[in-house]
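K.L.:
here are the coordinates; sequence isn't available:
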């Protein structure tokens with residue numbers, strides 16, 4: 001998988017910018033709390049969400065939520081699995097580090113890339129990863145992903 005970080009096509013992506021604006025409206029520029037995800041206007045993005053929870057003992061992220069649109073595009077639901085599944089170790093490590101950085105440094109990480117989907121119509125993806133708190137603890141990330 002080819003990755004790029006902080007590229008213009010992601011940082012200035014119309015849908016990502018609107019999502020981030022809506023996040024700022026509800027979180028007031030603080031780390032987004034899980035309780036906000038079920039509120040308008042954020043609920044409308046949920047089909048394109050991934051929520052990952054850090055598991056210290058495994059040094060990996062558990063996929064707590066894999067949105068229905070992402071499932072449709074990928075053709076499978078990864079909810080309940082770990083990010084590192086051992087198929088593409090280098091790519092998996094890159095993604096784990098990006099999520100970890102967003103969580104620990106409490107910042108937004110913009111990623112994008114291209115995947116050889118074979119016969120699938122979607123060939124590009126763009127996403128923003130941000131820290132997510134739950135009950136005052138920042139131990140998760142929220143990703144909003146778009147496909148083209």
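P.N.:
Received it, and whenever you're ready, just let me know what you need. Bear in mind that the values here come from a model prediction, so they are computed numbers and not experimental data.
K.L.:
now the one helix or strand residue 73 maps to: how far from the chain's centre is it?
P.N.:
Under the criterion of DSSP states H and E, residue 73 resides in helix 68-74. Distance, stretch centre to chain centre, for helix 68-74: 13 Å (CA atoms, centre = their mean, to the nearest Å).
K.L.:
and that helix, what's buried?
P.N.:
69-70, 73 (16 or more other CB atoms under 10 Å). Every residue, glycine included, has its C-beta placed from N, CA and C.
K.L.:
name the helices or strands packed onto it?
P.N.:
strand 137-147 (3 or more CB pairs under 8 Å, 6 or more residues apart in numbering; DSSP states H and E).
K.L.:
on that earlier part again, of the buried residues of helix 68-74, which is the nearest to residue 94?
P.N.:
Among those, residue 70 lies closest to residue 94 (CB to CB), at 18.3 Å.
K.L.:
who are the contact partners of the closest one?
P.N.:
47-50, 145 (CB atoms under 8 Å, 6 or more residues apart in numbering).
K.L.:
residue boundaries of the helices in the chain?
P.N.:
8-11, 14-27, 68-74, 89-105 (DSSP state H).
K.L.:
and the buried residues of helix 68-74 as JSON lines, adding pLDDT?
P.N.:
Shown next, in JSON lines, are those (pLDDT from 0 to 100):
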{"residue": "69", "pLDDT": "95"}
{"residue": "70", "pLDDT": "93"}
{"residue": "73", "pLDDT": "87"}
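K.L.:
got the buried residues for the lowest-mean-pLDDT helix or strand in the chain?
P.N.:
None of the helices or strands of the chain scores lower by mean pLDDT, DSSP states H and E than strand 2-5, at a mean of 85. By neighbour count on 16+ other CB under 10 Å, the buried set for strand 2-5 is empty.
K.L.:
which strands and helices sit next to it?
P.N.:
Looks like strand 2-5 contacts helix 89-105, strand 109-114 (3+ CB pairs under 8 Å, 6+ apart).
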